[in-house]
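**Q** sequence first, then the predicted structure, then my questions.
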Amino acid sequence: MKNSTKYYLCQKCNFETSQWFGRCPNCGAWNSLLSQDISNKISAKIQKDELAKPISKLKFNINELRYQTGIVEFDRVLGGGIVPGSLILIGGEPGIGKSTLALQIAQQLVDKIGKILYISAEESIRQISLRADRLSVNSEHIYLLSENGLEKIIAQLKEIKPKIAIIDSIQIVNDSNTPSAPGSITQVKSCTSRLMEIAKKDDIAMIIIGHVTKDGGIAGPKILEHIVDTVLYLEGERFQAYRLLRSIKNRFGTTNELGIFQMESVGLKEVANPSKILLSSRSEPIPGTVTTITFEGSRPLAVEIEALTSSSYLNFPRRLTTGVDYNRVSLIIAVLENKLKIQLQNKDIYINSAGGIKISEPAIDLGIAVAILSSIKSLAIPLDTVVFGELGLTGEVRTVSLCERRLREAKNIGFKKCIIPLENGKQFSKKFEHLEIKTLGNIGDILTILKE
Ligand code: TYD
Ligand code: MG
C-alpha cells in the first residue's frame, strides 16, 4: 500500500488538486500550484503523562489563570486578560498600530509575570527600540529579537523561556522545511501550527501579529482563525486617531467585545468614555442628525446617525451608507414610504454613523428612521434627545433588549429626553426621574412625537 501521496495546493486560494496545472483552475493564478506531501506515518509513542485524562480530574480556574495587562480596554476584549499558553492573533492593516499595541502590552505585563520575548521578523532591533523609546518601554525583562527563521525562533523560545512571545508578523516568518515563499498560505499555516505546539507544551502565551491588506492579496490572518484561540482585529481609519479593537473569536470569553483607543504621540491610549467621542461637538441641533444608543458586546455606546436627503436626477436614486447596513436602510426607507406616506423614491439618501463605526444592531432602526425624517422635513432633533427601537415591516416599533442599560448610559452622558418603544417604556418610565421618556408603538406616530 502507498503511504505517501502527492497533491497540489494553490498558494493564492488554498485550492487542492491531485494534478498539476500551470494555472489554478479555481482562482486563475499562474504558477501558484505547489506540490505537497501527505505522509501518514504513525510512529509516535505515548509517554505516561501524555495520556488522555478524565475531565473530572482536571481542575483549572480560568479566572485565576490570566495575565491582566491593566489596559482595561484590552483585558475586556480578551474576556479578562491573556490566558497562559494561548495563541492570540492580532490582525489589522499595515500602520494601524499593531506593533505599538503589542509593545505596550509587554510593558504592562513584564513586571507582573516575568520575561517577554518580542520577535520582530520585519523590523530591525534599531527600529523596534526607537519605537520602544517613544513608548517608554524599557524593562530589562523584555527581550528583542530580529529573526524570521522559524527554527531559530523556536530555539530562542526554548532558551529564553518567556511567559509571552510576540511574533511580529507571522507573514514574514519562514519555515525552511516548507517549500513555499514566506507569506504564502502553506507557510503561514505551518508556522502557526508549529508555534501553537510550543505554546501549549511550554505554556507560552503567543501574540501573533498578522497583516490584512484591503485586497486580501497576501495570505491574511483569515486562514489562521481556526487554528488560534483568540482573534482580535485592530481597525480604524488610518488618518483618524481612533482605533477599535474587536474580538472575532475567543475560546476564553465572549466575542463582539470592542475596545476603543486613541493613537497619540506616546502610543495607544484607552478611551475611557467612548460615547463622548462618538458624539460630534455640535452646539446647535441640525436637521438630519440624531443620537442613538447601541450595544457593542457588553457595552452601551451613544452614536450619532446622520442622514442627508436630496433631490435625485438619476433613474435609480442613490442610496449610500457608511457604518450601517445598506439593506436595513432600504427596509427602513420602504417602511417610511408606506406608513408615513412620504415620497422618497426621487431622493438620494445618504446615511452615516459618526466616526464610521460599524453598527449592526436592529435597535438603531428608529434612529435611522428619525434621521431620515429629520432631514427630509428639515426638523432638527434637540441635542438632548436619544432615540432607539427596532422597526418591523408593519411599522411596529419593537422592544429592544438591555433597555435599562441604554437609558442609564443616556442619563450618564447628560441626555434629557428619550424616544423608545412602547413596551420598553412601560417598564422604565418611573425608574429614571431625570429623563423624559416618550414612547411609541408604531412609526406612524413619530412625527407627532417629534413635533411636540
Ligand atoms: P505601528 O504599531 O508600527 O503599526 P503596525 O504594526 O500595525 O504596522 O504604528 C503605526 C503608526 O502609529 C505609525 O504611522 C505611527 C503611529 N504612532 C503614533 O502615532 N504614536 C506612537 O507612539 C507610535 C509608536 C506610533
Ligand atoms: Mg508593525
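**A** Received, thanks. Ligands and ions are numbered 1, 2, ... in the order given.
**Q** please make it C-alpha for all contacts and neighbour counts, starting now.
**A** Will do.
**Q** where exactly do the helices run in the chain?
**A** Taking DSSP state H, the helices of the chain run over residues 72-78, 98-113, 125-134, 150-160, 185-202, 274-278, 326-340, 365-376, 403-413, 422-428, 446-451.
**Q** the residue nearest to V324 when sequence neighbours are not counted: neighbour count?
**A** Spatial nearest neighbour of V324, chain neighbours left out: I359 (5.5 Å); criterion: CA to CA, 6 or more residues apart in numbering. When neighbours are defined as other CA atoms under 10 Å, I359 has 17 of them.
**Q** for I359, what are phi and psi?
**A** Main-chain dihedrals, I359, degrees, to the nearest 10: phi -120, psi 130.
**Q** any idea how far it is from I443?
**A** 21 Å (CA to CA, to the nearest Å).
**Q** the residue nearest to V324 and T322 touch, don't they?
**A** No: taking contacts as CA atoms under 8 Å, I359 lies outside contact range of T322: 9.6 Å.
**Q** common neighbours of those two, please.
**A** Common neighbours of I359 and T322 (criterion: CA atoms under 8 Å, 6 or more residues apart in numbering): S353.
**Q** so who does the closest residue to ligand 1 within the stretch 101-250 of the chain touch?
**A** Ligand 1 sits closest to R131 of the stretch 101-250 of the chain, with a gap of 5.1 Å, by CA to the nearest ligand atom. R131 makes contact with T100, according to CA under 8 Å, 6+ apart.
**Q** swap in G210?
**A** Listed by CA under 8 Å, 6+ apart, the contact partners of G210 are 89-92, 168-171, 220-221.
**Q** buried subset of these as a PyMOL selection?
**A** Those of the contacts of G210 that count as buried under 16 or more other CA atoms under 10 Å are selected in PyMOL with:
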select buried, resi 89+90+91+92+168+169+170+171+220+221
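**Q** of the contacts of G210, which pair is most distant in space?
**A** Greatest spacing in the contacts of G210, by CA to CA: D168 and G220 (13.6 Å).
**Q** leaving out chain neighbours, which residue sits closest to V173?
**A** Distance criterion CA to CA, 6+ apart; nearest residue to V173, sequence neighbours excluded, is N148 at 4.6 Å.
**Q** tally of neighbours for E122?
**A** Count around E122 with other CA under 10 Å applied: 18.
**Q** that one is in contact with S169, isn't it?
**A** Yes: between E122 and S169 there is a contact at 6.8 Å, judged by CA under 8 Å.
**Q** near ligand 1, which residues of the chain?
**A** 94-100, 131, 134-135, 263-267 (CA under 6 Å from any ligand atom).
**Q** please pick the buried ones from those residues.
**A** 96-100, 131, 135, 263, 267.
**Q** state the pair within those residues that is farthest apart.
**A** Among these, I96 and L135 lie farthest apart (CA to CA), at 15.6 Å.
**Q** longest strand of the chain?
**A** When the chain is parsed with DSSP state E, its longest strand is strand 299-311.
**Q** which strands or helices does that strand pack on?
**A** Contacts defined by 3 or more CA pairs under 8 Å, 6 or more residues apart in numbering; DSSP states H and E place strand 299-311 against helix 274-278, strand 289-296, strand 347-353, helix 365-376, helix 403-413.
**Q** one more time with 10 Å, if that's ok
**A** Strand 299-311 sits against helix 274-278, strand 289-296, strand 319-322, strand 347-353, helix 365-376, strand 385-387, helix 403-413, with contacts defined as 3 or more CA pairs under 10 Å, 6 or more residues apart in numbering; DSSP states H and E.
**Q** pipe these into JSON lines and attach mean pLDDT and mean neighbour count per row.
**A** Shown next, in JSON lines, are the helices and strands packed on strand 299-311 (pLDDT from 0 to 100; neighbours: other CA atoms under 10 Å):
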{"stretch": "helix 274-278", "mean pLDDT": "71", "mean neighbour count": "16"}
{"stretch": "strand 289-296", "mean pLDDT": "90", "mean neighbour count": "26"}
{"stretch": "strand 319-322", "mean pLDDT": "92", "mean neighbour count": "16"}
{"stretch": "strand 347-353", "mean pLDDT": "93", "mean neighbour count": "21"}
{"stretch": "helix 365-376", "mean pLDDT": "96", "mean neighbour count": "26"}
{"stretch": "strand 385-387", "mean pLDDT": "95", "mean neighbour count": "24"}
{"stretch": "helix 403-413", "mean pLDDT": "88", "mean neighbour count": "18"}
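**Q** which one is P287 nearest to, not counting chain neighbours?
**A** Per CA to CA, 6+ apart, closest to P287 is A380, 4.0 Å.
**Q** what's the answer for T5, then?
**A** T5 sits nearest to I38 (CA to CA, 6+ apart), 5.5 Å away.
**Q** beta-bridge partners for the residue nearest to the spatial centre of the chain, please?
**A** For the chain, R246 is the residue whose C-alpha lies nearest the centre (CA atoms, centre = their mean; 2.5 Å). According to DSSP bridges, the residues that bridge with R246 are Y233, L258.
**Q** phi and psi next, for P382.
**A** phi -50, psi 150.
**Q** wait, it sits on A371?
**A** No: counting by CA atoms under 10 Å, P382 stays clear of A371, with 11.9 Å between them.
**Q** overlap in contacts of the two?
**A** Contact criterion CA atoms under 10 Å, 6 or more residues apart in numbering; residues shared by P382 and A371: 287, 289-291.
**Q** ok, so of the residues you listed, who is nearest L109?
**A** Set against L109, the nearest of those by CA to CA is T291 (38.0 Å).
**Q** how far away is the closest residue to the closest one other than its chain neighbours from R406?
**A** Using CA to CA, 6+ apart and skipping the chain neighbours, the partner closest in space to T291 is E304 (4.3 Å). Note on E304: its distance to R406, by CA to CA, is 14 Å.
**Q** how long is stretch 389-404 end to end?
**A** Stretch 389-404 end-to-end distance (CA to CA) = 13 Å.
**Q** next one: L58 from S375, what distance?
**A** 61 Å.
**Q** do I have it right that L89 meets V228?
**A** Yes: between L89 and V228 a contact is recorded at 6.7 Å, counting by CA under 10 Å.
**Q** intersection of neighbour lists for those two?
**A** 192, 206-208, 249.
**Q** any chance of the residues you listed in a markdown table, with pLDDT and neighbour count too?
**A** Formatted as a markdown table, those follow (pLDDT from 0 to 100; neighbours: other CA under 10 Å):
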| residue | pLDDT | neighbour count |
| --- | --- | --- |
| T192 | 92 | 22 |
| M206 | 95 | 29 |
| I207 | 95 | 25 |
| I208 | 94 | 25 |
| K249 | 89 | 21 |
